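# coordinates only, sequence not included:
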């Protein structure tokens, strides 16, 4: 359910990475799914009763339809106070109007069938690869390194993990845990959700949906995407951006984008020699290629 609302948000964001997916999905999206676009903004900060944590779609939909009325009203007020204009049928949701809730149920079912069903194997493969990658980082470098790698610009300030955000939010765990929830649809800053089960941190998975290969592909390509996996394999010895562009028949700008992403993930490093920049694997990148736990400097 979380991925469904994040996908609905992605349909409304002008993210170049999702241009083709967005165009194709919007063309196929049935009119009955339209009401979700009215409830979930591009920021993905829609009403939390729409994306409960569940074991599957049917269970999740049951939770949506049985959400406590006070919770529904509180979440609708929050969304509307954030600048989302109330729409007549959403006002009726707060009053438990039967027809309005039927509209919502049909919208969720239609959106799920159109947006998630055909891609679910890839989404699941991306989730599994992301989980394996974070466990690898945890084992190789420890929990602080694993957590700070969840998003660009993340940093530790003493025992506080800080993320760049447009919101001024401070979350104190007070001894309780927080569950990490990667998304192949979300590319923005991490989001914190407060659910009955506890706190959840939604963050962008290393490989977004448009770059996920078929789940039958090798694990490294599933995790990084085929092009980035190939570039990482090429960097077992130092190479320049020009070398990689010629070798892989890619534009230098495209190679630079991929090498920047690999460097941000601490899988490669770059050093300048005059006007030439050389890229090469880090021990962590080599460990990922060989299946052994690499280490990097702390």
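Noted; the coordinates are in hand. Everything numeric here is computed off the predicted structure, so don't read it as measured data.
# Domains of this structure: list them as residue ranges, please.
As given by automatic domain parsing, the domain ranges for the chain are 2-119, 121-207, 225-290.
# Export those domains as TSV, with columns for mean pLDDT and mean neighbour count.
Just so you know, the C-beta spots here come from the backbone N, C-alpha and C atoms, and that holds for glycine as well. Shown next, in TSV, are those (pLDDT from 0 to 100; neighbours: other C-beta atoms under 10 Å):
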stretch	mean pLDDT	mean neighbour count
domain 2-119	90	16
domain 121-207	86	15
domain 225-290	87	17
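# mind listing the strands in the chain by residue range?
Using DSSP state E, the strands found in the chain span residues 155-157, 160-162, 178-183, 191-195, 198-204, 239-240, 268-273, 276-281.
# by contact count, what packs against the second one?
Think strand 160-162. Secondary-structure packing of strand 160-162 (3 or more C-beta pairs under 8 Å, 6 or more residues apart in numbering; DSSP states H and E): strand 155-157.
# and the strand it packs on, which strands flank it?
Sheet pairing of strand 155-157 (DSSP bridges) gives strand 160-162 (antiparallel).
# next one: the partner strand to chain centre, how far?
In this view, strand 160-162 has its centroid 20 Å away from the chain centroid, taken as C-alpha atoms, centre = their mean, to the nearest Å.
# Please apply the same query to stretch 196-205.
Chain-centre distance of stretch 196-205: 11 Å, with C-alpha atoms, centre = their mean.
# Renumber starting at 35 from here on
All right, first residue 35 from here; so that's stretch 230-239.
# got the contact list for it?
Contacts with stretch 230-239, where a contact means C-beta atoms under 8 Å, 6 or more residues apart in numbering, come from 36, 40, 78, 87, 160-161, 164, 184-185, 205, 207, 210-218, 220-222, 224-227.
# on that earlier part again, indicate which one of the strands of the chain is closest to residue 150.
Across these, residue 150 has its closest neighbour in strand 212-217 (12.1 Å, C-beta to C-beta).
# What pairs with the closest one, parallel or antiparallel?
Paired neighbours of strand 212-217 in the sheet (DSSP bridges): strand 232-238 (parallel).
# Just want the angle from the strand it pairs with to strand 225-229.
Calculated by axes from the mean of the first three to the mean of the last three C-alpha atoms, to 10 degrees, strand 232-238 forms an angle of 150 degrees with strand 225-229.
# Distance of residue 147 relative to residue 63?
10 Å (C-beta to C-beta, to the nearest Å).
# can you check residue 203 too?
For residue 203, the distance to residue 63 - C-beta to C-beta - is 32 Å.
# Same check on residue 162?
27 Å.
# ok, now residue 280?
With C-beta to C-beta as the criterion, residue 280 and residue 63 are 41 Å apart.
# now swap in residue 258 and tell me
Distance from residue 258 to residue 63, counting by C-beta to C-beta: 29 Å.
# can you check residue 302 too?
Residue 302 is 38 Å from residue 63, by C-beta to C-beta.
# again with residue 131
24 Å.
# Could you do residue 292 as well?
Between residue 292 and residue 63 the distance is 31 Å, computed by C-beta to C-beta.
# Could you list every helix and strand in contact with the top helix by length along the chain?
When the chain is parsed with DSSP state H, its longest helix is helix 154-175. Here helix 154-175 is seen to pack against helix 177-182, strand 212-217, helix 253-258, helix 317-324 when contacts are counted using 3+ C-beta pairs under 8 Å, 6+ apart.
# Try it again at 7 Å.
helix 177-182, helix 253-258, helix 317-324 (3 or more C-beta pairs under 7 Å, 6 or more residues apart in numbering; DSSP states H and E).
# Next, the angle from it to strand 212-217.
Using the same axes, to 10 degrees: helix 154-175 against strand 212-217 is 130 degrees.
# Give me the angle between helix 154-175 and helix 317-324.
If you take the same axes, to 10 degrees, helix 154-175 sits at 130 degrees to helix 317-324.
# starting at the chain centroid, how far to helix 154-175?
Worked out by C-alpha atoms, centre = their mean, helix 154-175 lies 12 Å from the chain centre.
# Stretch 306-317 too?
Worked out by C-alpha atoms, centre = their mean, stretch 306-317 lies 29 Å from the chain centre.
# so how far does it reach from one end to the other?
With C-alpha to C-alpha, to the nearest Å as the measure, the first residue of stretch 306-317 is 19 Å from its last.
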